[in-house]
Every structure is written in C-alpha cells, then in structure tokens.
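**Student:** Could you look at this predicted model? Sequence included:
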Amino acid sequence: YIMNDKFKQEEVCVVGLGYVGLTLGVAFANSGLRVTGIEISKEILSSLNQKKAHFSENGLDNQIRKVIDNKSFSFAEEIEPKNSLSIYIITVGTPLDKSGIPKTDSIINATNQVASAMNDDCLIILRSTVQIGATRNIVKPILDKTNLKYSLAMCPERTLEGNAIRELSTLPQIIGSNNLETSNKCVRLFNNITSKTNIVSSWETAEIIKLSDNAYRDVSFAFGNEVAKVCAAFNVDCYEVIENGKADYPRTDIALPGLVGGPCLEKDPHIYNFS
C-alpha cells in the first residue's frame, strides 16, 4: 500500500535512542523532518554530544554529524511538556527478566512520558518488540487517561544490525492500527524514507509479525546446527551436506551452522512463547 504524499513539516519525537531509535531518528532527520530524540542513558548522550553513535553502523556517524549540524536532529533526557511535537515513536528496549518474562517497565515509563507531554491529535507509534497485546493492554490505557484525541499504531522494527540505514529504505514497513486513518498517517510518515509499506489489520497482527519473523530465524539457525551435530557424529562435512542438498533444489534452504545470538534472537522467541 503506497501513498505518495508525505509529512513535510512535522516534528517527530523518538523516545529511546538505542540501536532502533537512533537509526530511525537519523533516517527521518536526513529526509528533512525535524527529529527530537529522548534518551536517559548518559553513555548514549555522551556519544551523541561527540556526534557519534554508541555502536558500529556503516555510515551512521557521518549522518549523525550532518543532521546535528543542520539542526534537523536534537536530543534530550526528557520530553519538553506541551511542545509542538505531533508524532511520537516509542523505541525503548524490552529485555527479559531472570525468569525469561519480558519487562514492560521501559514501555510504561516511555508511554507515561509521552502522555504527560502530548497534545490533541498526535500520532503515537510503538516500535519496540513487545508481547502480543501490549499495544492494546499497556500503551492504550495510559494514553486514554489523557482524555485527548490521538492515533495509535504498532510499526515493528525489523532491520539487521549493522545494515539498518540501508534496510530502512528497502524493507517494507509493517503498519498495524485499529483504523485506516491512522494507518494512512503512518504511511505518509514512512514515505519520507521508503515507498514500501504493508498495512495490516490490527496492533496484534503487527506484534505477531515481528515475533514470528525472529522466531522463524531462530528455529532455522537451530536446525542448521542440529544438522551439523548429526554430521559430526558420522564424520561428515556438514557444509557439503547443506550446500549440495539445497543447490538448485527449491524446497530446501537450510541455514549454515554457527553461533546464534544478538539482542533480538536471544529474547524474541521467549517473548513469543510468553505471549
């Protein structure tokens, strides 16, 4: 689903400048939008004060310097109350606790901060990876208490670490909401960085897409490692098995064995299971 018009003069607030928030915020700022990033981490703020990212991403530091210098990107510890911002994107992290249950503290805190600062007719987008139903059962009730009119969408992040700047413009953006007007607002926003958007029918649909994508990848890698174990038991080269088995054969695409980790695959299948 594509709309050609874009938000031109809107001011966007990205709450959480970790990997997801910083790359998205810089991409929007680089497209011409005015972006304010909110971050409580002293380490991240210190890096940004030096016009650098706190992680490695090809080409990102150059873009950070550019958008800070041209004043299209700024950052602070808190949202300024009753500001002129019209779009809020929540991108805070959702780690697991010691029991493997997803922690929602950061989502609640970020949403409360947005609720205390927003005005009528704002668009609020949840982009963090959350358990199914979090948009409806955690974010929406907090926003409802403001008695303000707002639009709420779930637009999960799906970029590959180290390649986010390119993928933000090439991967379809998933847009889930409870009405077409809100979805169209999100399409107009994301059209600033990509023409590829997929509107889905609900917040839960978007939440499940993100979890399903990463759970699928985790299972695929796990199966590749199981093949490697079988091969090792019989002194067979697992790479020979996998590469020849899928060569010009359309129904097999086994992943090569190796380490499985990263911030997403270590927790997202657990969030899926918890949901």
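**Tutor:** Cool, the structure landed.

**Student:** could you give the mean pLDDT of the lengthiest helix in the chain?
**Tutor:** When the chain is parsed with DSSP state H, its longest helix is helix 203-233. Per-residue pLDDT over helix 203-233 has a mean of 93.

**Student:** where do the strands sit along the stretch 101-250 of the chain?
**Tutor:** 122-126, 150-154, 173-177, 197-200 (DSSP state E, counting those that start in this stretch).

**Student:** sorry, back to before: list the buried residues of the longest helix of the chain.
**Tutor:** 203-211, 214-215, 217-218, 221, 224, 227-228, 231 (16 or more other C-beta atoms under 10 Å). (Glycine included, C-beta is placed from N, CA and C.)

**Student:** relative to strand 150-154, how tilted is that helix?
**Tutor:** 20 degrees (axes from the mean of the first three to the mean of the last three C-alpha atoms, to 10 degrees).

**Student:** Helix 203-233 to strand 173-177, inter-axis angle?
**Tutor:** Going by the same axes, to 10 degrees, helix 203-233 makes 140 degrees with strand 173-177.

**Student:** Look up the closest residue to Ile125, ignoring the ones flanking it.
**Tutor:** Counting by C-beta to C-beta, 6 or more residues apart in numbering, Ile89 is the residue found nearest to Ile125 once chain neighbours are left out, at 4.6 Å.

**Student:** From Lys42, how far off is the one you found?
**Tutor:** 22 Å (C-beta to C-beta, to the nearest Å).

**Student:** same thing with Asn225?
**Tutor:** In terms of C-beta to C-beta, Asn225 sits 38 Å off from Lys42.

**Student:** For Pro250, see how far away Pro257 is.
**Tutor:** To Pro250, Pro257 is 22 Å away according to C-beta to C-beta.

**Student:** Just want to know which of those two has more residues nearby.
**Tutor:** Pro257 (20 against 6; other C-beta atoms under 10 Å).

**Student:** thought the more buried one was touching Glu243?
**Tutor:** No: using C-beta atoms under 8 Å, Pro257 makes no contact with Glu243, being 11.7 Å away.
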